[in-house]
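Enquirer: Pasted the sequence and its predicted model underneath.
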Amino acid sequence: MRNCLMTISDKILLRKRSVIETVNDELKNICQVEHSRHRSFGNFLNNIISGLIAYSFLPKKPQIKFQTQNTNQICLF
């Protein structure tokens, strides 16, 4: 990766990339949300929504602990 300025939220998500990839892997393999050739847009949405509902019922899900702090500092960007 090239060096560039990143926001704090992007830096946090970059550190938590493994958790994000784990969630994507569980959605594809366990909940069967994968790219397939749907014949209609309704069937595509049905597949995505049913996979997300199945994921919400999984007993153990990975989490990212993310907290924000509001400060009264002046930002010059």
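Expert: Received the coordinates, thanks.
Enquirer: where does the chain have low pLDDT?
Expert: Applying pLDDT under 70 to the chain flags residues 1, 35, 64, 66, 75-77.
Enquirer: how distant is the longest helix seen in the chain from the center of its chain?
Expert: Taking DSSP state H as the criterion, the chain has its longest helix at helix 41-56. Relative to its chain's centre, helix 41-56 lies at 16 Å (CA atoms, centre = their mean, to the nearest Å).
Enquirer: what do you get for stretch 38-53?
Expert: On CA atoms, centre = their mean, the centre of stretch 38-53 falls 18 Å from the chain's centre.
Enquirer: What lies in contact with it?
Expert: 27, 31-33, 36 (CB atoms under 8 Å, 6 or more residues apart in numbering). Every C-beta, even on glycine, is put in place using the N, C-alpha and C of the backbone.
Enquirer: Would you format the residues you listed as CSV with secondary structure included?
Expert: Formatted as CSV, those follow (DSSP: H, G, I helix; E, B strand; the rest coil):
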residue, secondary structure
Leu27, helix
Cys31, coil
Gln32, coil
Val33, coil
Ser36, coil
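Enquirer: Return the closest of those residues with respect to Asn72.
Expert: Leu27 (40.0 Å; CB to CB).
Enquirer: Stretch 27-37: end-to-end distance?
Expert: End-to-end distance of stretch 27-37: 17 Å, with CA to CA, to the nearest Å as the criterion.
Enquirer: From Leu27, how far off is the most centrally placed residue in the chain?
Expert: Note on the chain: the residue nearest the mean C-alpha position is Ile20, at 5.3 Å, using CA atoms, centre = their mean. As judged by CB to CB, to the nearest Å, Ile20 and Leu27 stand 11 Å apart.
Enquirer: Cheers, nothing more for now.
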